[in-house]
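Novice: Got a sequence here, can you build the structure:
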Amino acid sequence: MRLTTSLRWALYYRGLALLSFLGGAVVAAAGVWVGLYDVVVALLELASGGSGNVSDALAASRPLAGGALVVLGFAVWQVGKTAAFYKTLTQATESEMADRFDTQTVKSEILAALDEQLSDLHADVETTRRQVSRLNREGHADELVEDGVDADTGASNDDRTSASNGADRTTETRSAESETPSSGTGSR
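Specialist: The predicted model follows:
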């Protein structure tokens, strides 16, 4: 919180506390007035050289009503000061939080974090998919090797056997032809 803002809130609080003090002081002054008015008037008459009777004034005074108003004035001041503090603190906190945590900024930060986590999750899913696909290809190749298919050539064991048998037959046929005498003008 900046210094000027702090001073503004402090002055606001002191103003509210002063209002509660003035309200309490008015109530307390009314209590003094109600309780001691007759005594004060009698003392003023005596001071001015008049014939004021202090004992009659004391008998006419209402100290319970006056005292109750004085206590009420003190309570008004204290409760008002506490309410001013609470009100000022609450408003200052709300104002500072509103300035510090703009809802649009918070929303965009949350969305950015979620977007980043979602892209990480997507990358993890793609990596897992590629690994599963590679494992499936390797598993299929292993099955083919077990079934007799050569992984390099794609030819099965039966094909290789028949191919080698066919090559042997071709070699035998050629050697038999070369051993047989040719009849006539024969061209091959």
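
Novice: So if we follow the domain assignment, how does the chain break up?
Specialist: Using automatic domain parsing, the domain parsing of the chain gives 3-100, 116-173.

Novice: List just the one of those that sits closest to residue 108.
Specialist: domain 116-173 (12.6 Å; CB to CB). Every C-beta, even on glycine, is put in place using the N, C-alpha and C of the backbone.

Novice: Excluding covalently adjacent residues, which one is nearest to residue 84?
Specialist: In this structure, residue 84 finds its nearest non-sequential neighbour in residue 16, 3.3 Å apart by CB to CB, 6 or more residues apart in numbering.

Novice: Just the mean pLDDT for the one helix or strand the one you found maps to, thanks.
Specialist: Assigned by DSSP states H and E, residue 16 belongs to helix 3-47. The average pLDDT within helix 3-47 is 88.

Novice: Output the next helix or strand after that helix as PDB, nothing but the C-alphas.
Specialist: As assigned by DSSP H and E, the chain's next helix or strand after helix 3-47 is helix 54-60. Output of helix 54-60 as PDB, limited to C-alpha atoms (Å, rounded to 0.1, in the frame of the first residue of the first chain):
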ATOM      1  CA  VAL A  54     -26.100  24.500  47.900                       C
ATOM      2  CA  SER A  55     -27.800  21.900  50.100                       C
ATOM      3  CA  ASP A  56     -31.100  22.400  48.300                       C
ATOM      4  CA  ALA A  57     -29.400  22.200  45.000                       C
ATOM      5  CA  LEU A  58     -27.700  18.900  45.900                       C
ATOM      6  CA  ALA A  59     -31.000  17.500  47.000                       C
ATOM      7  CA  ALA A  60     -32.600  18.500  43.700                       C
END
